[in-house]
Structure formats: structure tokens, C-alpha cells
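Asker: Only the shape, not the letters, is given here:
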């Protein structure tokens, strides 16, 4: 087992109507829909996965699209934003692209020496894009994720002392504090944010449900589970999520964390060329396919 977590595996959020979600992430953000399946705990709802063309861990953004969900509000105890990274040479071109397509964004602002802009998805959730000299010229890989906390200390201690992150920067201004934590290589960072909320935090569409970190394989995941249990975390047993195995636990600040395995990956039931084209169901729901397909709304994905 390595002493440091590999970085982010995926981020899972809640959205409203699935077609609007698909249109935004495939057309505006130019992501690939790499898997169309169902919420394993509520199979009458989609679970949509976006990522790079090869569905690399560290690029995967997933959504539970609950069409009737009320609006949520990020606040302390929740992950409040994720960010894609983009090469500085392409940054201005993408800003022009979004502006020409009438996509509003805030910024750019400077954060830890890099420019950051914030777009809004159809449910009003922030979609950040940050400059990174080592990034490609397409916003496909995660730059990092932000956790909004009442107290940065306990979550910092978990991520640093148990999961192997290191402090990589600190900014404080106008009552807002941001501590950046980094792990190996150019893996996505984790920002710990402290600021006074102006509303009550509430899970709903437009909010992040959980943040998943990477494990090399099943054995690595079990060793992380043992380490977390020894640190006093309440960790679930291993749960089969078809494309990875998962364990879950609450961080000291209240954010739901997951550790997911890299294998078996998204080509388990589709070829790389066909990712995201068909509705894929876990074995326990195949017998209900006709019923599930009648309930789920049709999703159209452009070429």
C-alpha cells in the first residue's frame, strides 16, 4: 500500500432534467458521455457519467438526474465545487468560445497564481475552469475539488495525516480562508474552504453528493479501509458499483467521501468506441429492463 491516495476518481452530483444536463456537458463543456446506467439504489433514475474519450479515472463527473428535485444550496459540510484544468495557451480561446455561444461565466479571478473562471450548469451549480501549465488544451481532467467546512482543521488532519496529502498553499481574504492540499504528481488537489454562509446548506439539484478518491485495486482499497477504521472513521463494507468497487465514509467536516477502485473500468460492458451509447443495467435489474426503459425519459446525445 502506498502512503498517499492517488487523487480523485470521480465527483458525483445531483441535477434536474437529464436532457439539459447532457446537452450542457456534451456540448458546452465538450465532455464525452461515457456511461448511461441507473442509480443502483433507485433504478427509476439515471446515473450519467462524463469523462475523457478514454474515461480516465480523475476525469469522471457523474450525475443523479432527479427531474423533480428541489434546488439545493452548497454550504458547510458539503463539497461546493469542482474544477477542470486547462492549458494557459488555450484558456483565452475557450473563454471566447463560451462567450460566442452565449454562455455566461464569472471571472477570471486569480487563485494560487492561476486564473479561474466559473460557469454555471443548467441547475446553477458552479463549474470551475482553472489554468494549469501541465494541462491539455481541452477541459477534460479535474484540477481539483473544493470542500466547504465550518472548521478546516479536522478534515485537514484526515487528508494529511491519514490519506497522505500535503499542504500546497494558503489564501485568506475578506473573511474567506482556502487551504490547498495536494497529493502525488499532477493529481487533482483538494481545497478546504472556510467562509460564512448566507443561506442554509441543503442537498438538492445543483449540489455535489460525494467525492471519490482512487485506489489502485481491491487490495489497495481494503488496506485504505483498515487505515481509515484505525483512524476512527465509520467505513462501509465494500460495495460493487459495476465499474469499480466502493467504500464510503463521512469526513470529520461532514462531506461524504468514497474510495473507488480503478478496475474493472467502464469498458467492462461496452467497447471504448461504444461507451455511453446503450443503457447498461447491473445484473440485479436486467430482469426489469423493459419496465425501467419505459420509466426513464429518452436521452439524445449529439454527434
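Answerer: In hand now; what should we look at? Predicted model only: the values in this text are computed from it and were never measured. Residues are numbered from 1 along each chain as shown.

Asker: Would you map the helices across the chain?
Answerer: For the chain, the helices defined by DSSP state H occupy 18-23, 88-100, 152-157, 218-230, 289-295.

Asker: and the second one, what other elements does it pack with?
Answerer: Packing partners of helix 88-100 (3 or more Cβ pairs under 8 Å, 6 or more residues apart in numbering; DSSP states H and E): strand 105-111, strand 114-120, strand 126-131. The way it works is simple: take the backbone N, C-alpha and C, and place the C-beta from them, glycine included.

Asker: before we move on, back to that, which of the helices of the chain is buried the deepest?
Answerer: helix 18-23 (a mean of 19; mean count of other Cβ atoms under 10 Å).

Asker: Which strands or helices does that one pack on?
Answerer: Where contact means 3+ Cβ pairs under 8 Å, 6+ apart, helix 18-23 is packed against strand 42-51, strand 60-65.

Asker: Near the spatially closest residue to residue 163 that is not a sequence neighbour, how many residues? Count them for me, please.
Answerer: When the adjacent residues along the chain are set aside, residue 163 lies closest to residue 5, with 4.7 Å between them (Cβ to Cβ, 6 or more residues apart in numbering). By the criterion of other Cβ atoms under 10 Å, residue 5 has 22 neighbours.

Asker: ok, now the one 5 residues further on?
Answerer: Residue crowding around residue 10 was assessed by other Cβ under 10 Å; the count is 25.

Asker: heads up, I number from 7, so please use that
Answerer: Right, with 7 as the first residue, what we last looked at is residue 16.

Asker: For residue 120, which residues are in contact?
Answerer: 136-138 (Cβ atoms under 8 Å, 6 or more residues apart in numbering).

Asker: per-residue confidence at it?
Answerer: Residue 120 carries a pLDDT value of 96.

Asker: and the gap between it and residue 162?
Answerer: Using Cβ to Cβ, to the nearest Å, one gets 22 Å for the distance from residue 120 to residue 162.

Asker: For the closest residue to residue 196 other than its chain neighbours, list each beta-bridge partner.
Answerer: Excluding the flanking residues, the one nearest residue 196 by Cβ to Cβ, 6+ apart is residue 187, at 4.7 Å. In this structure, residue 187 bridges to residue 173, residue 196 when assessed by DSSP bridges.

Asker: got it, and residue 245?
Answerer: With DSSP bridges as the rule, residue 245 is bridged to residue 252.

Asker: Same check on residue 126?
Answerer: Bridge pairing for residue 126 - DSSP bridges - gives residue 132.

Asker: Based on its surroundings, how many neighbours for it?
Answerer: Around residue 126 there are 15 residues (other Cβ under 10 Å).

Asker: Skip the chain neighbours and tell me the closest residue to residue 122.
Answerer: residue 136 (4.6 Å).

Asker: burial of that neighbour, as a residue count?
Answerer: Residue 136 has 24 neighbours, counted by other Cβ under 10 Å.

Asker: so it touches residue 119, yeah?
Answerer: No. Applying Cβ atoms under 8 Å as the test, residue 136 and residue 119 come out as separate, 10.4 Å apart.

Asker: wait, what's in contact with residue 276?
Answerer: Per Cβ under 8 Å, 6+ apart, neighbours of residue 276: 41, 282-284, 286.

Asker: pLDDT score for it?
Answerer: Residue 276 is given a pLDDT of 96.

Asker: would a markdown table of the helices and strands packed on helix 24-29 with mean neighbour count, distance to residue 108 and mean pLDDT be doable?
Answerer: Formatted as a markdown table, the helices and strands packed on helix 24-29 follow (neighbours: other Cβ atoms under 10 Å; distance: least, Cβ to Cβ, whole Å; pLDDT from 0 to 100):
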| stretch | mean neighbour count | distance to residue 108 | mean pLDDT |
| --- | --- | --- | --- |
| strand 48-57 | 20 | 22 | 96 |
| strand 66-71 | 23 | 23 | 97 |
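
Asker: Out of those strands, which gets nearest to residue 156?
Answerer: Comparison of the helices and strands packed on helix 24-29 against residue 156 by Cβ to Cβ identifies strand 66-71 as nearest, at 25.8 Å.

Asker: Can you give the strand pairings for that closest one, parallel or anti for each?
Answerer: By DSSP bridges, strand 66-71 pairs with strand 14-21 (parallel), strand 48-57 (antiparallel).
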